[in-house]
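> Sharing a model prediction with you, sequence too.
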Amino acid sequence: MHKLRLICVMVLWGSIGIFTRYIGISPILLAFLRAAIALPVILLFGAFTKSLSFKGAARKDILPYVLSGVLMGFSWVTLFIGFANTDIAASIIAFNMCPVYVLLLAPLLLKEKLRLHQVITVIVAFAGLVLIVFSSLNLGETKIYGLLFAIASGVFYAFFVIVNRKAPKTLTNTSVTAVQMATATVVILPFVLFGDAFTTLGGMDTRALIMLLILGVVHTGIAYLFYFPVYKKLPALTISVLSYLEPFSSMAFAAVLLGEALTVYHVAGGVLVLGSTLFCVVYESRQAARSFA
């Protein structure tokens, strides 16, 4: 049952790129509304299940999740800009460099040493990213612009992962999600208010509005509430392997629903990026299993 829930969440998240295209509003406004719509869903769930509590929580328990909420908001904004300006396949592969950035940042921020298999993973993954970038060079400045934002999104998410890894585990999952979602809403709001993002609302039709509500309520609010409990109950290897359903389903949706053709460079780059990180996860899981044997 837990595996099925995780599979549903990953496939659901894989369709986010499609939703962003059909909704058709400013990426900044879309990221803001995604968080703003999801927040009351999470708060209502927390109140109903009594899983939302900050009783006894100190500032040091909450501040790391405020920071990770900022990073999450920026990651969403940059990814949505990537989706809007380049192919979804290229964006999602570039974003999924996140585990590689975590490997590179871990020695600096977590004092973890890079091992040989991790160095190999980094080199192979960057070779894949180079292929993706090379394939976009002939597609114009807009495509490169979108790809760079997708890469930036992966970097923001890498910092998000590291901050969460170091944060105290004193709050409930619902409380953590509520803090992050509220922070993302607040941090994106000034960019919406002082830009021209709201002007893009005029182009929304009924279908786009419904898809926006689905993105906020289902893809974000409900999906996050499903994801964290499952995250605690499944082995790390299972979670990591099933997480690859997100990029693969995202590329499949883009190909079927948007008619985006995968180039040879996309395929080769995707295999190198996703394959190398999967190899790293499987290798480390087997090494961990041997150490406990």
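Looks like it came in fine.

> low-scoring pLDDT stretches of the stretch 101-250 of the chain, where are they?
Along the stretch 101-250 of the chain, the parts satisfying pLDDT under 70 run over 135-142, 231-232, 235-237.

> Regarding this protein, what is its longest helix?
For the chain, the longest helix by residue count, based on DSSP state H, is helix 264-292.

> Please tell me how far that one is from the chain's geometric centre.
18 Å (CA atoms, centre = their mean, to the nearest Å).

> Who are the packing partners of that helix?
helix 88-95, helix 98-109, helix 116-136, helix 236-243, helix 245-257 (3 or more CB pairs under 8 Å, 6 or more residues apart in numbering; DSSP states H and E). C-betas here are computed from N, CA, C, even on glycine.

> okay, the first one in CSV with CA atoms only?
Just to be clear, that refers to helix 88-95. Only the C-alpha atoms of helix 88-95 are listed here, as CSV (Å, rounded to 0.1, in the frame of the first residue of the first chain):
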residue,chain,number,x,y,z
ILE,A,88,9.9,19.7,-20.3
ALA,A,89,12.2,16.8,-20.9
ALA,A,90,15.3,19.0,-20.8
SER,A,91,14.0,20.9,-17.8
ILE,A,92,13.2,17.8,-15.8
ILE,A,93,16.6,16.1,-16.5
ALA,A,94,18.5,19.3,-15.6
PHE,A,95,16.4,19.6,-12.4
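
> I'd say residue 182 and residue 39 touch.
Yes. Counting by CB atoms under 8 Å, residue 39 is a contact partner of residue 182 at 5.8 Å.

> Surely residue 177 and residue 224 touch.
Yes. The pair residue 177 / residue 224 is scored as a contact, 5.2 Å apart, by CB under 8 Å.

> which parts of the helix or strand where residue 35 lies are buried?
Element membership for residue 35 (DSSP states H and E) is helix 27-49. Buried residues in helix 27-49, defined by neighbour count with 16 or more other CB atoms under 10 Å: 27-39, 41-43, 45-46.

> Pull it out as CSV, backbone CA atoms only.
Taking C-alpha atoms only, helix 27-49 is exported to CSV below (Å, rounded to 0.1, in the frame of the first residue of the first chain):
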residue,chain,number,x,y,z
PRO,A,27,5.7,31.1,-13.6
ILE,A,28,6.2,33.3,-10.6
LEU,A,29,2.4,33.7,-10.0
LEU,A,30,2.0,30.0,-10.6
ALA,A,31,4.5,29.1,-7.9
PHE,A,32,2.9,31.6,-5.5
LEU,A,33,-0.7,30.3,-6.1
ARG,A,34,0.6,26.7,-5.9
ALA,A,35,1.8,27.3,-2.3
ALA,A,36,-1.1,29.6,-1.4
ILE,A,37,-3.7,27.1,-2.4
ALA,A,38,-1.9,24.1,-0.8
LEU,A,39,-1.4,25.9,2.6
PRO,A,40,-5.1,25.8,3.7
VAL,A,41,-5.3,22.2,2.7
ILE,A,42,-2.4,21.3,4.9
LEU,A,43,-3.7,23.5,7.8
LEU,A,44,-7.2,21.9,7.6
PHE,A,45,-5.6,18.4,7.5
GLY,A,46,-3.5,19.2,10.5
ALA,A,47,-6.4,20.6,12.5
PHE,A,48,-8.6,17.6,11.6
THR,A,49,-6.0,15.0,12.5
